[in-house]
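Enquirer: The sequence and its predicted three-dimensional model are supplied below.
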Amino acid sequence: MEYNSKTIEFAKKLISFNTTNPPGNQTHCPEWIENLLKEHQIDTRIIEHDGTRNIIAELDFGPGKTLCICGHWDVTHANEPEWESDPFKAIEKDGNIYGRGIADMKGSLAATLSCVLNIKKHNPNITGKILFIAFGDEETGSERGAKRIIDDIADELDYIIIGEPTNMNPKIARRGTILLNLKVFNSEIDASDALHKIINSLSEVNKVNMHYEEPEEFCSIKSKIINSEEIPRDTTPDQVELSIDVRHMKLNTLDDILNKISTSLDRLGAIYKIQATLVTQPYNTKEGKLLETAINSIIQTTGRMPTVETNDASSDARFFAKKGLEIIELGVNDSTIHMPNENCSIKELENIEKIYYKLITSLLGN
Ligand SMILES: [Zn+2]
């Protein structure tokens, strides 16, 4: 069989469409993807939400497992003056491709498209179904994309691969983020004394680590006293304000932490105000054949043993994770995403396509 990789050509084409989100309502890019799939006789449908087009294509190889490989076609603002070249015209330099979205994530979207077209053309010995999805609106919260669509399709899926940039390592979980703002007012208790006590109460909160019996990195708390430097030593401040940044892996962390802080401060008789912002919920996925096959495909392609990753930030994986499915995120280098002069090496783009191909044909292979 003659494998014909189009990853680099497709990546350059995808970059040429300015799909900055917001607004994220561009039609040229999803239309191009739709037409390309249709030209290759792949069943393709569009699901449009509030002007944003999401593409779902299906390759059916008979009864078996269903694998979904997906990504997003929107990109973050380029801030053009900071670029050395036009962010929407891909250029090759020193073995890299530069352009907005090459890493996040038009490069891996191109690799997926190329991979899917080759599978369609050569019909390798596989059974089951491949669902290719190009979502819109990932960069502003997926309200017009994955969030609205996944509920309708998740029941029919077994494996999900998301091509987000992960440094060629499979990612199986992401920590949630909670931001807290805590103000303690000067009242019957001395606020400067309260300052001291709050810090103690925070060390109490830090015991959450042990409470969860998770590796330490699964719940970290950073706190910062906002106005302590402005308080002269010999005066009593009106209030003490703290910002607290919590990264965690458990869904009920917010309630637990609020309880701990309130209990400590109530015991002191303090008057206080806590404002909590749940930035992202964590997710954790089921480990199984998908992860194992991904690791093998990476080793076979690159000769490198990958590390299984978890970290912060969010992706569309969180919507699939609710369904208890096997999910991995796997894509290229993330070192320049959302930055000026975003780039990715051609070698990595070629490798990610090979990894996807091996992964899909092994999982669905006979
Ligand atoms: Zn992304």
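Expert: All right, it came through fine. Residues are numbered from 1 along each chain as shown.

Enquirer: which residue does the stretch 251-366 of the chain bring closest to the ion?
Expert: Across the stretch 251-366 of the chain, no residue is closer to the ion than Ser315, which sits at 6.2 Å (Cβ to the ion). No exception for glycine: its C-beta is placed from N, CA and C like everyone else's.

Enquirer: Is that residue part of a helix or strand, or is it coil?
Expert: Look at Ser315: counting by DSSP: H, G, I helix; E, B strand; the rest coil, its state is coil.

Enquirer: neighbours of Lys95, just the number please.
Expert: Lys isn't right for residue 95; it's Gly. Using other Cβ atoms under 10 Å, Gly95 has 10 neighbouring residues.

Enquirer: how close does it sit to the ion?
Expert: Distance of Gly95 to the ion, given as Cβ to the ion, to the nearest Å: 23 Å.

Enquirer: Correct me if wrong: that residue contacts Lys347.
Expert: Yes. Counting by Cβ atoms under 8 Å, Gly95 sits close enough to Lys347 to count as a contact (6.8 Å).

Enquirer: Could you check the pLDDT of the residue of the stretch 251-366 of the chain closest to the ion?
Expert: Listed pLDDT for Ser315 reads 83.

Enquirer: any idea which element the nearest residue to it once chain neighbours are set aside lies in?
Expert: Distances taken as Cβ to Cβ, 6 or more residues apart in numbering place Glu164 nearest to Ser315, at 4.9 Å, with adjacent residues excluded. For Glu164, there is no helix or strand it lies in under DSSP states H and E.

Enquirer: ok, Glu164 - contacts?
Expert: Glu164 makes contacts with Gly71, Asp104, Met105, Ser108, Lys171, Ser315, Ala317, Glu329, Leu330, Gly331, as judged by Cβ atoms under 8 Å, 6 or more residues apart in numbering.

Enquirer: low-confidence ranges in the stretch 1-150 of the chain?
Expert: The model of the stretch 1-150 of the chain has pLDDT under 70 over residues 1.

Enquirer: Pick out the residue of it closest to the ion.
Expert: For the stretch 1-150 of the chain, Cβ to the ion, closest residue to the ion: Asp104, 4.1 Å.

Enquirer: How about the residues of the stretch 151-300 of the chain by the ion?
Expert: Within the stretch 151-300 of the chain, the positions near the ion by Cβ under 5 Å from the ion are Glu164.

Enquirer: pLDDT below threshold where in the stretch 151-300 of the chain?
Expert: In the predicted model, the stretch 151-300 of the chain carries pLDDT under 70 at residues 188-238, 251-252.

Enquirer: what are the ranges of the strands in it?
Expert: 159-162, 171-174, 176-185, 219-225, 239-248, 271-280, 283-284 (DSSP state E, counting those that start in this stretch).

Enquirer: so of those, which one's packed in deepest?
Expert: Highest mean neighbour count among these (mean count of other Cβ atoms under 10 Å): strand 159-162, with a mean of 26.

Enquirer: Next up, the contacts around the closest residue to Arg318 other than its chain neighbours.
Expert: Distance criterion Cβ to Cβ, 6+ apart; nearest residue to Arg318, sequence neighbours excluded, is Tyr283 at 4.7 Å. By Cβ under 8 Å, 6+ apart, Tyr283 lies in contact with Ala173, Arg174, Gly176, Ala317, Arg318, Ala321, Lys322.

Enquirer: tell me the contacts of Asn25?
Expert: Applying Cβ under 8 Å, 6+ apart, the residues contacting Asn25 are Asp50, Gly51, Thr52.

Enquirer: Once you drop chain neighbours, what's closest to the first one?
Expert: It stands for Asp50. Spatially, and ignoring its direct neighbours in sequence, Asp50 is nearest to Arg144 (4.9 Å; Cβ to Cβ, 6+ apart).

Enquirer: Next, count neighbours for the one you found.
Expert: Using other Cβ under 10 Å, the number of residues around Arg144 comes to 25.

Enquirer: Any figure for the gap between it and Tyr356?
Expert: To Tyr356, Arg144 is 26 Å away according to Cβ to Cβ, to the nearest Å.

Enquirer: for Ser314, same thing?
Expert: Separation of Ser314 from Tyr356 (Cβ to Cβ): 22 Å.

Enquirer: Which one of the two is surrounded by more residues?
Expert: Tyr356 (26 against 20).

Enquirer: Tell me if I am right that that one is in a strand.
Expert: No. The assignment for Tyr356, made by three-state DSSP, is helix rather than a strand.
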